[in-house]
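> model this:
(chains A and B)
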Amino acid sequence: MTEFDAATAAVQAALDAGARYADARVMHRRYESMTARNGDVEELTQDESIGLGVRALVGASWGFYAVPDLSDAAARDAGRRATRTAMASARVPGPPVDLVPVEAVTASWASGCQIDPLGVPLSDKGDLLVDATRTMTEHGADLAEGLYQIWDTAKWFVSSEGHRIDQRIRECGGGISATSIGDGETQRRSWPSYRGQYGTTGWELVESLDLAAHAAQIAEESRALLTAPPCPAGETDLILGGEQLALQIHESVGHAIELDRILGWEAAFAGTSWLDLAQLGSLRYGSELMNITIDPTIPGALGSFGFDDEGYPAVKRDAVRDGRWVGVLAGRDSAAMASLDYGGSVRADGWARLPMVRMTNVGLEPGPHTLEEIIAATDDGVLMDLNRSWSIDDKRLNFQFGCEVGWEIKKGRRGRMLRNPTYTGIGPLFWRSMDMLSSETVSWGTPNCGKGQPGQIGHTGHPAAPARFHNVRVGVSA
Amino acid sequence: MSARSEVELAGQVVELVRRIGGPGAQAEAVVTRADLALTRFANSGIHQNVSESTVGVRLRVHVDGRTAAGGGSVVTTDGLSALVERTLTAARLCPPDPGWPGLTPPMPTPDAPPVDEATAHAEPDQRADRVGAFVAAAGGLSTAGYCRTAHRSSAFANSAGHSAYGRSVEAAMDGIARRDGADGVARRSADRLSDLDGAELGAQAAAKAQAAADPVELPPGHYEVVFEPAAVADLLQNLSFYGFNGKRYAERQSFAEPGVAQFDRAVTLVDDPLGGSGLPFDAEGTGRRALTLVEAGTTRAVAHDRRTAAEAGAESTGHAVAGGATWGPMPRNLRLAGAAAGPASAVGRSTTGAAAGAVVDADTAALVAGVRRGLLVTDLWYTRVLDPKSLVVTGLTRNGVWLIEDGTVVRAVRDLRFTESYPRALGPGAVLGLGARPVRQPERVDGAWWAAPSLRLTSWHFTGGASG
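All right, here's what the predicted structure looks like:
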């Protein structure tokens, strides 16, 4: 019984039980993570999970069932149960469900990988984290932490429309952080971001981060931040580093353009969106420098794949062009409900979870400047980078972010370090104030995007570069 | 799979470690079967309806002074052997683990709450019918939310000769009703699905949504507040994860100082895992029991697993979780004790005009009655920590805020952003009143919950309005 056989049996059983459409995903995922603290390995975990999830559509109602058993009997039982669950859904029906068409293909796809991350000796990976965290403690950190994570996922997708797709996606990444503890507060510095940078790549990504080379500097900066002046409160020009801008995109654009949120499907938990479909194509989201794409085809970016979990091929689309909102993240059913003609952004966190609309790579196209040019052009402002806290309302409008570090900008030069930098604003007003954008783009990976009930963790990518925003409120404190 | 087989599987894993790793290899294994189901609705119709029947194995080994952990979903003999072999191999390649606290010795396992079999084996129709009742009771308002049931059967074994077995069930319902962009919420966690009344919750959510319509914007600033149980649950969660976490305490990242009167005398916090929907042992096999964290305002304890307990010279409090070496042991069943003699006030007298429906219970009504000018807050949302040691948190109100004047809720207010130190807001002299009856609120995963009555505080720092 192959994985395709199990998925096919589940789909057929769902149809036999009365479904008008069914699809099934078999996933086999290996996961490894290691954390180190103050020169010792803190935790090493290796997980391996395999199972099948089947989704059935009866009338206008969906059902889903998942089992960790790929036998023919278990797969067929799962298919029948998915259909029975869909029939129960019909007791409280929603509107009619259609699926936008997608060509039924037989295909294979694999992400790029030069160095198999699970093949790198554990001792080498442990030494990397142990050495970096030891260096941080030697340079003043009270708490020195290092981390890497690896996912190796194989999946097989079959639909009642004839899809038969297998994919292998390898993802990994890591990072280090130094925390210094003072009287009544802590200060943290990380490299390249807190809990690391990630991509659909091999171990070459972790090697390129050169964790050891940055350990001493971030430890010393975390210690220095304890006595740095606080970020002043008021309105000023704000320059964001690329890592923080990636999270700004994730929270105030990526989630806002999720079609399931716009349609109200997440209203009780993740929330809705301030965007109204009636304004798609005309709404001014930001300044003309703002060009946001939805692009799961970027090699190595964390949100890349060959096909989404509905069998839709990876395609690059515009979400915001020259500041105007023009596209959404959609699935086949949500797109049909919104009278759109594309899906392509549906994924499931493992075999036991229902596929749902998720970000792929949602990022900002490069601008014409460099960070140094932006600083040089700023008379009075604050530069902030590396996210420390993030909060945004359920319509994705009102946000407040905290960063690990700020720097005073005076007369075109970077000055003193500032502690506890925060900024707050309203999404579209903030994006309309963007007046300078760097060309120094990095595809930042976010491996911890939470959404859905039961909860799912998504892996998303966000190309971003430093940018400047006018008259932003900074320095919010308790 | 029968309950017996989880016990057998856990024992089999430990035996495989002894056979493959030798008599010096220490092992602990947890085998859990979970039947989890969640029926989700939006726009007043069921749009997602999921069930899973899974088996998972967690294994931690300590061999030659080195430690590794692994997990898997394949419970055939070959699958378990592969798990044991790769976990032993990983441990031998790791650097030494000088902080290894040793295995839990044999000890009695506490009695868990009785399992409601009807909830454990609930069918999709039963969840759908509760959703239908919620929708119908909302009186035509658009509704969204979920009804879920969870059943876990779990066995523990280690190579020190300790074993344990237990089951848990939970049912939860969480829904909103919506009117012109204003939402009202009703949320409950229970040991039995039959204790969840979809119609009662739907009516409550609808009443609050009606009362939340046409909100006005208020300027930021310090306001006296009455928090309803859903909002208090957020306080409890953040206090647990960042303050009463034994790892963060050992790292000096926690505000907690045992023996110090850090809170108002009205505050007593007890983690009570067997008070509802809890397994009787933790990931290390330690029996779970009630732990008083704060007693009449004085911090008494933080949560420990065996590793943090060894560092602190204490004993495990039964709070070990998988991944705990990184995240630390955290209370996840926290109850804020209600006032001994609860206040009483008629619900109807605490609201007026369009705000009728904002107050849904007598506890909250009594607290509102004492407020000259302040805010009634139903729920908090997207709270994130700016600094863990001072536990300064930012977040937003959600699902209803109302202005209180002279003891009466007078009108709805638009959502506000706050930035506040949670321990400071609950500090000595800061609590003006507590309701008598804690209401149990579900967490995002089954097995965790927060129980609290309504709470009146002297001041809460709102740092921004809906317009920024």
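
> Longest strand in chain B, by number of residues?
strand B:45-63 (DSSP state E).

> Can you tell me the strand partners of it and which way each runs?
As defined by DSSP bridges, the strand partners of strand B:45-63 come to strand A:61-67 (parallel), strand B:26-42 (antiparallel), strand B:66-72 (antiparallel).

> buried stuff in the second one?
What it means is strand B:26-42. B:26-42 (16 or more other C-beta atoms under 10 Å in any protein chain shown). Backbone N, C-alpha and C define where each C-beta goes, glycine included.

> same question, stretch B:249-261
Quick answer for stretch B:249-261 (16+ other C-beta under 10 Å): B:Tyr249, B:Ala250, B:Glu251, B:Gln253, B:Ser254, B:Phe255, B:Ala256.

> Out of those, which sit inside strands?
Among the buried residues of stretch B:249-261, no member lies in strands (by DSSP E).

> if I look at the residue positioned nearest the centre of chain A, how far off is A:Glu310?
Nearest residue to the geometric centre of chain A (C-alpha atoms, centre = their mean): A:Thr460, 2.6 Å. According to C-beta to C-beta, to the nearest Å, A:Thr460 stands 17 Å off from A:Glu310.

> how many neighbours does the residue in chain A that chain B sits nearest to have?
The nearest approach of chain A to chain B comes at A:Gly94, 2.8 Å away (C-beta to the nearest C-beta). Neighbour count for A:Gly94, taken as other C-beta atoms under 10 Å in any protein chain shown: 19.

> Please apply the same query to A:Lys411.
By the criterion of other C-beta under 10 Å, A:Lys411 has 9 neighbours.

> Up against chain B, what does the stretch 351-478 of chain A have?
By C-beta under 8 Å from any C-beta of the partner chain, the residues of the stretch 351-478 of chain A that approach chain B are A:352-354, A:356, A:388-394, A:398, A:400, A:402, A:420, A:422, A:424-426, A:429, A:453-455, A:473, A:476-478.

> and the residues you listed, which are buried?
Using 16+ other C-beta under 10 Å as the burial test, those include A:352-354, A:356, A:388-394, A:398, A:400, A:402, A:420, A:422, A:424-426, A:453-454, A:473, A:476-478 as buried.

> if we can go back for a sec, how about the residue of chain A closest to chain B, nearest residue that isn't a chain neighbour?
B:Gly45 (2.8 Å; C-beta to C-beta, 6 or more residues apart in numbering or on different chains).

> I'd guessed the one you found sits against A:Arg91; true?
No - with contact defined as C-beta atoms under 8 Å, B:Gly45 does not reach A:Arg91; the gap is 10.0 Å.

> Tell me the residues that contact both of the two, please.
Shared contacts of B:Gly45 and A:Arg91 (C-beta atoms under 8 Å, 6 or more residues apart in numbering or on different chains): none.

> out of the strands paired with strand B:45-63, which comes closest to A:Glu258?
Checking those against A:Glu258 by C-beta to C-beta gives strand B:26-42 as the closest, at 13.3 Å.

> That closest one: how far from the chain's middle?
Between the centre of strand B:26-42 and the centre of its chain there are 16 Å (C-alpha atoms, centre = their mean, to the nearest Å).

> next one: stretch B:145-156
For stretch B:145-156, the distance to the chain centre is 14 Å (C-alpha atoms, centre = their mean).

> What is the burial count for B:Asp64?
14.

> got the contact list for it?
B:Gly24, B:Ala91, B:Arg92.

> Try it again at 10 Å.
Contact analysis of B:Asp64 by C-beta atoms under 10 Å, 6 or more residues apart in numbering or on different chains lists B:Gly21, B:Gly22, B:Gly24, B:Ala25, B:Leu88, B:Ala91, B:Arg92, B:Cys94, B:Pro96, B:Asp97.

> For the residue nearest to A:Gly94, give me the pLDDT.
Note on B:Gly45: pLDDT of 98.
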